[in-house]
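1. Structure of the sequence below:
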Amino acid sequence: MKKISVLALALIFALAGQALAAAEFTLTLNLPIPPIHTRWAKALKPWADEISRRSQGRLEIEPYFAEALSPRSETYESVRSGIADLTEGGFEANTGQFPWHEGILSISNPGRAMLNPMPLLQSMQAKYPEALKEIAGVRLLFCHASPDLIIGTKSRPVRKLTDLKGMKIQANSALIAERLKKLGVSVVSMPISDVYTALESGVIDGTTLDFELLVARRFGDQVKHMTALSLQNTLFYVIINEGVYRSLPPELQKILDDVSGKFAEDLFSTYWSESETAAVASWLNNMGGKEMIILSDADYAQADKLMRPVVEDWFERLNKSGLPGKAMKKLRDDLVGTLSVPWKDSPLYRRYLDVRQ
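-> Purely as a prediction, here's the structure:
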């Protein structure tokens, strides 16, 4: 038996060595998320695996997790400077660096849900390609976006808008913080990696998140009430170092581009839709989640009125920067009206009601 085991082990090492030798190019992927995160297992890894499959192992993606190569706020710079070959990051993590991309999905209508905001982004980028100029010094492979971030609280449910006054809520972006302050919230800023401990210890009463984060980062262990007040759809980028991209043979560049095109769009759209609805059930059935709260029409109208100045100011800043902010606002409002629904009619709320029955 010992002899067979040694031979088997030798064979495994030999095969592994051949597999490694077959990769002509191995690109490092800088990830702020941990390896247990559902976005790695169900979206980013399948994307990387498809690149390997189509290239027949010539091009491999090697992930580095949990900010191993850089803090979350420096993922973009890690690729531009060459610390990493590739990265996935959120535009909102770099306040002020990408004003258009940071804000365009961070000015949600509070009373409406948009499970898939990508058609809005793509329509606006197609109409106003000048907005893409702020993504400089790297090559953009693709974007993807989460469903709506709403308000999750640990022990104090938010059943009406006035319940938010004085509550300590962590905000995921500067624009969310500005809008929450208009509702009387005591905004707390911290890295997303610190949120779980802050909830557990009572440093904060709640946070802004989507249902997927309840499971992916285990926030559902602490968050028991979800109040449907839309604040942001988080917009992510996947980028590659321009020099690294140019160093690849044309056929591998094409594979990378192709897999980052329609394949990635469909993959991430499916991931967000399925993971969000699955997280509703998991939170309720396995994590002690208690309720999803829909506010009154009057409260949604009041929230929109109170937060509207922040939205208007953002579009005005676009005008001052040379972008057609007024026209962009009209197109965005038209698209939101087409692509979103009132929270009570949303697939997530229907899923919540189904699970609760």
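2. any idea how far R351 is from L256?
-> To R351, L256 is 35 Å away according to CB to CB, to the nearest Å. Using the backbone N, CA and C atoms, a C-beta is placed for each residue, glycine as well.
3. Now do the strands in the stretch 51-200 of the chain.
-> For the stretch 51-200 of the chain, the strands defined by DSSP state E, counting those that start in this stretch occupy 59-64, 86-90, 112-113, 139-153, 168-170, 186-188.
4. Residues in contact with the helix or strand hosting T208: which ones?
-> Taking DSSP states H and E as the definition, T208 sits inside strand 206-209. Applying CB atoms under 8 Å, 6 or more residues apart in numbering, the contact partners of strand 206-209 are 149-154, 156, 158, 167-172, 176, 180, 195, 199, 219, 223, 225, 231-232.
5. Tell me who's in contact with the residue nearest to Q222 when sequence neighbours are not counted.
-> Among residues not flanking Q222 along the chain, L199 sits closest, at 3.8 Å (CB to CB, 6 or more residues apart in numbering). Counting by CB under 8 Å, 6+ apart, L199 makes contact with K154, G206, T207, F219, Q222, V223.
6. so what's the residue nearest to the last one when sequence neighbours are not counted up against?
-> Spatial nearest neighbour of V223, chain neighbours left out: G152 (3.9 Å); criterion: CB to CB, 6+ apart. Contact criterion CB under 8 Å, 6+ apart gives G206, T207, T208, L209, L214, F219, V223, H225, M226, T227 as the residues in contact with G152.
7. Of those, which is the most crowded?
-> Within the contacts of G152, most neighbours by other CB atoms under 10 Å means G206, with 29 neighbours.
8. still on that earlier bit, out of the strands of the stretch 51-200 of the chain, which gets nearest to A278?
-> Between A278 and those, the shortest gap by CB to CB is with strand 139-153, which sits at 12.4 Å.
9. Just the buried positions in the closest one, please.
-> By 16 or more other CB atoms under 10 Å, the buried positions in strand 139-153 come out as 139, 141-153.
10. cool, stretch 250-260 as well?
-> Residues L252, Q253, I255, L256, V259, S260 are the ones in stretch 250-260 that count as buried (16+ other CB under 10 Å).
11. And those residues, which is closest to I51?
-> Once CB to CB is applied, the member of the buried residues of stretch 250-260 that ends up nearest I51 is V259, at 5.1 Å.
12. so what's the backbone phi/psi at that closest one?
-> In terms of degrees, to the nearest 10, the main-chain angles of V259 are phi -70, psi -20.
13. ok now do it, which residues does it touch?
-> Residues near V259 by CB under 8 Å, 6+ apart: W47, E50, I51, R54.
14. Now for the third one, how many residues are close by?
-> When neighbours are counted by other CB under 10 Å, I51 registers 21.
15. right, and it touches D257 too?
-> No. Using CB atoms under 8 Å, I51 is not in contact with D257; the gap is 10.4 Å.
16. Disregarding flanking residues, what is the spatial nearest neighbour of M307?
-> R179 (4.2 Å).
17. show me what contacts that neighbour?
-> R179 neighbours (CB under 8 Å, 6+ apart): I107, L231, M307, V310, V311.
18. ranking these by neighbours, who comes first?
-> The member of those that has the most neighbours, counting by other CB under 10 Å, is L231 with 26 neighbours.
19. Just confirm it is within a strand.
-> Yes. Assessed with DSSP: H, G, I helix; E, B strand; the rest coil, L231 lies in a strand.
20. so it makes contact with P147?
-> No. Applying CB under 8 Å as the test, L231 and P147 come out as separate, 11.7 Å apart.
21. coming back round to it: measure the residue nearest to V223 to T208 for me?
-> Taken as CB to CB, the span from G152 to T208 is 8 Å.
22. low-scoring stretches of the protein, by residue?
-> Applying pLDDT under 70 to the chain picks out residues 1-21.
23. repeat that for 50
-> 1-20 (pLDDT under 50).
24. Based on its surroundings, how many neighbours for N286?
-> That count, for N286 with other CB under 10 Å as the rule, works out to 10.
25. can you check W40 too?
-> Counted with other CB under 10 Å, W40 comes out at 20.
26. if I look at it, how far off is A145?
-> 17 Å.
27. cool, K181 as well?
-> K181 is 24 Å from A145, by CB to CB.
28. do the same with S173
-> 13 Å.
29. any chance you could map the helices in the stretch 51-200 of the chain?
-> Counting by DSSP state H, counting those that start in this stretch, the stretch 51-200 of the chain has helices at residues 75-80, 99-103, 118-127, 174-181, 195-201.
30. Repeat that for the stretch 251-357 of the chain.
-> 264-286, 297-320, 325-339, 347-356.
31. TSV for these, including distance to L31?
-> TSV is the format used below for those (distance: least, CB to CB, whole Å):
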stretch	distance to L31
helix 264-286	15
helix 297-320	29
helix 325-339	29
helix 347-356	26
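32. just those helices: most buried one?
-> Neighbour counts (mean count of other CB atoms under 10 Å) averaged over each of the helices of the stretch 251-357 of the chain peak at helix 264-286, with a mean of 18.
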